[in-house]
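Trainee: Okay, structure incoming, though there's no sequence with it:
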């Protein structure tokens, strides 16, 4: 299961643009944990699937599909597990004199050392740079075996978030939000005249006029509802 | 309970919305979430109710026990209110002894019901000085998405009003409905983005400030008040939410009556 | 297990107090998403049992002392609500609940792929809203559905059921009177796709043949209950 433990747009049943059945080559089948998915000969075990004793077995509940020989399951829900180079939106939960602790919505907090922060602070003045409760856009630099990570704000576009609103969606719905080739996201930005930044941890930053933010949020909620309805379509 | 981190961005955004008379879920300032009330839903309880307000879900169960009256009140039975918010109800509700938050919840809801005098504890006396009924109201949270106060209070009074004294099981005569003379109802207002709103959800509770709980009985009699958390409010702000509470409490009282009639 | 008094748990036609024959399972219904704020949840009504299970996690394992470097731990709490039984249960520490929490955790840890989340914990909250014999079995079963609903990877789900003996007759899925007055109780936790076991307790008196009969009843009942678990997950009530 190494390397396959997280539902990410790049190792799921469809490509980034396929949020549902249209991305799969076969009609999607609903499976539950423990279900036997057939002989494993010639097939790879993708997300949520285990190859054991020559058979493939479902480990999660959701829609199964076979894409280019990799059998995966798109689950109802996934916990976010950080990967290097992930773009994430985090909240400062605490700090020492030269490290910030960031809640990135993963089982473990991430660490932002001052050297990778937005600017250097005087000793004892770290909270003047980034305070408890501040929100930041940052990137995962490295991840330890136990999934705790180091993030950096050195990089293009990385910054403190001082305005707008951050919404939470399930990480596995990011593909649907972004759309094929980024189409859906682009359309959303145009229609609402908002900046929309989707973090890989399922947090989405909306920034702009209040009415634009409200509309963008409504459309996000509509997307979530649509996903819930589609979840149960398929062979029961 | 684990105190969650309050993102500054959330507070700023809620303030921006409040300035435009908006809430993050599109509700009006004094509009509550969809509210469902079900009674007689717990087969092993003598009275019961289940309340759903948005994604906040709670149960209330009434059980009767025989007690010995207290020496200084030999002609009275008892009413005990116990509120539990177990870890099932939310990520931040941690296991262990009751937190200050859940204790306050229980006590505020208890006062609202008890101080209304809706239950006459003298009626619960069986043999003065020896035997009396003790009415135990257990409030149980299943899902906490904000405003457990109002959910508990609504479920509590509905459960009491639907309760039947199990005299037969105790061999003390015939079963009879518990006499609940009034219907105290609680409405809670949270200061969010600088103004009070009704029925705050979890996000508004997280980004908000002080709260005020108002319990009104029949004919708008005031039975209990509680201000919680840090914050300063004016007499005018209070008068405004008091007006709102009168309207909403009446609506909830109608809802309770409607469900009881359907029995 | 006390004496029967004048309670006849099964009559001369083989019909039990709730109308079942000796090999039938009580009516079961499962729905998911009943605790909307949880990561996963399920409700199971089984006879008069009404059980809710909610899952939160994986999250950092606190307190430190329960953390394991190589895998996640299942932090299970089984609890009976005060109004779940005819005599009110005082809230607070309860030895029986603590034991059930432990064996439930051990059953579920046997199937959850905990090595994927080192140093984490997965909270499993089981609340008995209304009780009627076999609550520990209902708890384990509902928890399996809740874990699946939360997207926690498992090699199989666990189905738990207790068969036993009344008036020297082996019966499937004990109800309240049978549990109170009967002569044996055999709860098991079974993996439906392989027939393997992750949970086993027994008390009372069973001959070797009777033991085998009760065992077989549990195996058969597992298929019935598993079908409902799968229906709830796939069909959904969210």
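Mentor: Nice, thanks for sending it over. If you're wondering where the values come from, they're calculated on a predicted model, not measured in any experiment.

Trainee: Just give the number of residues close to residue C:80.
Mentor: 22 (other C-beta atoms under 10 Å in any protein chain shown). The way it works is simple: take the backbone N, C-alpha and C, and place the C-beta from them, glycine included.

Trainee: in terms of contact, does it touch residue C:126 like I think?
Mentor: No. Using C-beta atoms under 8 Å as the test, residue C:80 is too far from residue C:126 to be in contact (9.5 Å).

Trainee: quick one: buried residues of stretch B:116-133?
Mentor: B:116, B:118-119, B:121, B:124-126, B:132-133 (16 or more other C-beta atoms under 10 Å in any protein chain shown).

Trainee: Can you tell me what sits against it?
Mentor: Contact with stretch B:116-133 is made by B:64-69, B:73-79, B:113, B:134-135, B:157, B:160, B:165, B:172, B:178-184, B:215, B:217, B:221, B:223-224, as judged by C-beta atoms under 8 Å, 6 or more residues apart in numbering or on different chains.

Trainee: which among the residues you listed end up buried?
Mentor: With burial judged by 16+ other C-beta under 10 Å, the buried subset of these is B:64-65, B:67, B:69, B:76-79, B:113, B:134-135, B:157, B:160, B:165, B:178, B:180, B:182-184, B:215, B:217, B:223-224.

Trainee: Now do the phi/psi pair for the spatially most central residue of chain B.
Mentor: The residue lying closest to the centre of chain B (C-alpha atoms, centre = their mean) is residue B:153, at 1.6 Å. Dihedral pair for residue B:153: phi -60, psi -40, per degrees, to the nearest 10.

Trainee: Then the one 4 residues further on?
Mentor: Backbone dihedrals for residue B:157, given as degrees, to the nearest 10, come out at phi -70, psi -30.

Trainee: Identify the spatial nearest neighbour of the residue of chain A found nearest chain C, chain neighbours not counted.
Mentor: The minimum distance from chain A to chain C, using C-beta to the nearest C-beta, falls at residue A:34 (3.3 Å). In space, residue A:34 comes closest to residue C:156 once its chain neighbours are excluded; the distance is 3.3 Å by C-beta to C-beta, 6 or more residues apart in numbering or on different chains.

Trainee: Could you give the number of residues near the one you found?
Mentor: 23.

Trainee: Who are the contact partners of residue B:199?
Mentor: When contacts are counted by C-beta under 8 Å, 6+ apart, residue B:199 touches B:31-33, B:53-54, B:146-147, B:150, B:188.

Trainee: For residue C:125, which three-state class applies?
Mentor: Put simply, residue C:125 is strand when judged by DSSP: H, G, I helix; E, B strand; the rest coil.

Trainee: how close does it get to chain A?
Mentor: Here the criterion is C-beta to the nearest C-beta, to the nearest Å. By it, residue C:125 lies 17 Å from chain A.

Trainee: Touching, that residue and residue C:54? I think so.
Mentor: Yes. The criterion here is C-beta under 8 Å, and residue C:125 meets it with residue C:54 at 4.6 Å.

Trainee: Now for the two: what residues contact both?
Mentor: Shared contacts of residue C:125 and residue C:54 (C-beta under 8 Å, 6+ apart): B:88, C:38.

Trainee: For chain B, what lies in contact range of chain C?
Mentor: Chain B has residues B:42-45, B:48, B:55, B:57, B:59, B:61-63, B:65, B:82, B:84, B:86-91, B:95, B:136, B:138, B:140, B:142-145, B:169, B:202 near chain C, with proximity defined as C-beta under 8 Å from any C-beta of the partner chain.

Trainee: and the residue of chain B nearest chain C?
Mentor: Counting by C-beta to the nearest C-beta, chain B gets nearest chain C through residue B:61, at 2.8 Å.

Trainee: Identify the bridge partners of that residue.
Mentor: The bridge-partner assignment for residue B:61, based on DSSP bridges, gives residue B:48, residue B:138.

Trainee: Next, count neighbours for it.
Mentor: 30.

Trainee: Isn't it up against residue B:41?
Mentor: No. In terms of C-beta under 8 Å, residue B:61 does not count as a neighbour of residue B:41; the distance is 9.2 Å.

Trainee: Overlap in contacts, those two.
Mentor: Both residue B:61 and residue B:41 are in contact with residue B:48, where contact means C-beta under 8 Å, 6+ apart.

Trainee: tell me the pLDDT at the residue nearest to residue C:139 when sequence neighbours are not counted?
Mentor: Spatially, and ignoring its direct neighbours in sequence, residue C:139 is nearest to residue C:126 (4.1 Å; C-beta to C-beta, 6+ apart). pLDDT recorded at residue C:126 is 98.

Trainee: And residue A:75, by the same measure?
Mentor: Per-residue confidence (pLDDT) for residue A:75: 86.

Trainee: returning to what we had before: out of the contacts of residue B:199, the closest to chain A would be?
Mentor: For those, the minimum distance to chain A (C-beta to the nearest C-beta) is 13.7 Å, reached by residue B:54.

Trainee: which ones are touching residue A:198?
Mentor: Here residue A:198 is in contact with A:174, A:177-178, A:185, A:204 (C-beta under 8 Å, 6+ apart).

Trainee: Show me just the buried residues among the contacts of residue B:199.
Mentor: Those of the contacts of residue B:199 that meet the buried threshold are B:32-33, B:53-54, B:146-147, B:150, B:188, by 16+ other C-beta under 10 Å.

Trainee: pLDDT and secondary structure for these - can I get that in CSV?
Mentor: Output for the buried ones among the contacts of residue B:199, formatted as CSV (pLDDT from 0 to 100; DSSP: H, G, I helix; E, B strand; the rest coil):
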residue, pLDDT, secondary structure
B:32, 97, coil
B:33, 98, coil
B:53, 98, strand
B:54, 97, coil
B:146, 96, coil
B:147, 97, coil
B:150, 98, helix
B:188, 97, strand
